[in-house]
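Visitor: here are the coordinates; sequence isn't available:
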């Protein structure tokens with residue numbers, strides 16, 4: 001019997017299918033505006049692309065190592081490389097918050113998500129949000145601004161614990177926070193190689209959500225990673241969890 005549920009965030013509860021060329025331009029403009037406001041002078045023509053490049057490189061390393069590289073670390077590295085040392089940890093946090101602010105405003109919640117989460121909570125399930133992200137504050141703010149935080153007993157974010165899904169550590173932290181047993185827990189997420197396989201390695205049940213056109217082709221006959229259920233409507237999660 002299932003007693004606890006872990007939910008991914010991006011493309012599970014909210015869509016991150018944005019016009020990223022436009023969004024990243026807005027993110028960089030917001031970051032530059034903050035740096036200007038605290039009298040940190042950078043070359044506006046090259047700084048943004050350099051920051052995005054460092055984030056890209058760190059993302060590749062994070063995927064390979066399953067260790068998270070927070071956005072503050074990427075920004076501090078770039079500023080140090082430019083010889084800029086007059087920035088405090090608090091300023092780094094505010095700079096990163098400014099960078100992510102435009103995109104955070106744009107994440108739409110998938111249809112049915114608040115209703116399903118409310119129903120699951122009313123049925124007594126313990127729930128945790130478990131997300132890979134380079135900023136914990138981004139995910140926490142995005143969840144709060146969409147009135148989703150109230151449904152979760154715990155929020156676990158890779159930037160805050162240092163490990164990325166599918167590393168077992170991030171799932172173990174979530175289980176500990178919920179005081180849950182793996183065999184009584186289900187992971188709900190949109191990525192086979194990240195959410196599903198990571199949870200399965202610890203003995204959790206799994207539900208793959210396909211609420212957008214997937215970047216990866218899922219075919220249960222060809223994939224070695226087979227979730228316990230696949231849903232294309234968020235409401236269908238309720239019936240599957242009842243049967244597990």
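Guide: Right, received. Where do you want to start? This one's a predicted model, so the numbers in the text were calculated from it and none came from an experiment. Numbering: from 1, shown residues only.
Visitor: shaky segments in this protein?
Guide: 213-223 (pLDDT under 70).
Visitor: max-length helix in it?
Guide: If you go by DSSP state H, the chain has its longest helix at helix 44-65.
Visitor: other residues contacting it?
Guide: By Cβ atoms under 8 Å, 6 or more residues apart in numbering, the residues outside helix 44-65 that reach it are 24, 28, 31-32, 67-69, 71, 73-75, 77-78, 82, 99, 134, 164. For the C-beta atoms, the positions are set from N, CA and C on the backbone; glycine is no exception.
Visitor: repeat for stretch 154-170
Guide: 8, 62-63, 66-68, 70-71, 128-136, 139-140, 143, 149, 171, 173-174, 177-178, 189, 193-195, 197-199, 201-202.
Visitor: starting at the chain centroid, how far to it?
Guide: 10 Å (Cα atoms, centre = their mean, to the nearest Å).
Visitor: contact partners of stretch 114-133?
Guide: Counting by Cβ under 8 Å, 6+ apart, 2-10, 13, 68, 139, 143, 147-148, 151-159, 164-165, 170-171, 174, 177-180, 187, 194, 234-235, 237-238, 241 sit against stretch 114-133.
Visitor: give me the buried subset of the contacts of stretch 154-170.
Guide: 8, 62, 66, 68, 70-71, 128-136, 139-140, 143, 171, 173-174, 177-178, 189, 194-195, 197-199, 202 (16 or more other Cβ atoms under 10 Å).
Visitor: ranges for the strands of the protein?
Guide: All strands of the chain, identified by DSSP state E, fall at 4-7, 126-131, 154-157, 185-189, 205-209, 229-231.
Visitor: show me the one of those strands that comes nearest residue 18.
Guide: Residue 18 sits nearest to strand 126-131 of all those, at 16.5 Å, using Cβ to Cβ.
Visitor: quick check: closest non-adjacent residue to residue 18.
Guide: With Cβ to Cβ, 6 or more residues apart in numbering as the criterion, residue 18 has its nearest non-adjacent residue at 5.5 Å, and that residue is residue 106.
Visitor: on that earlier part again, columns distance to residue 56 on top of the strands of the chain, output as TSV?
Guide: TSV is the format used below for these (distance: least, Cβ to Cβ, whole Å):
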stretch	distance to residue 56
strand 4-7	27
strand 126-131	19
strand 154-157	20
strand 185-189	23
strand 205-209	27
strand 229-231	31
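Visitor: mind listing the helices for this protein?
Guide: With DSSP H as the criterion, the chain has helices spanning 20-37, 44-65, 71-81, 89-104, 113-122, 136-145, 158-161, 168-178, 197-200, 236-243.
Visitor: hmm, who's touching the third one?
Guide: Okay, so that is helix 71-81. So helix 71-81 is contacted by 40, 42, 47, 50-51, 54-55, 58, 85, 87, 89, 92-93, 95-96, 99-100, 134-135, 159 (Cβ under 8 Å, 6+ apart).
Visitor: recalculate using a threshold of 10 Å.
Guide: The contact list for helix 71-81 (Cβ atoms under 10 Å, 6 or more residues apart in numbering) reads 31, 35, 40, 42, 47, 50-59, 69-70, 84-87, 89, 91-93, 95-97, 99-100, 133-138, 159.
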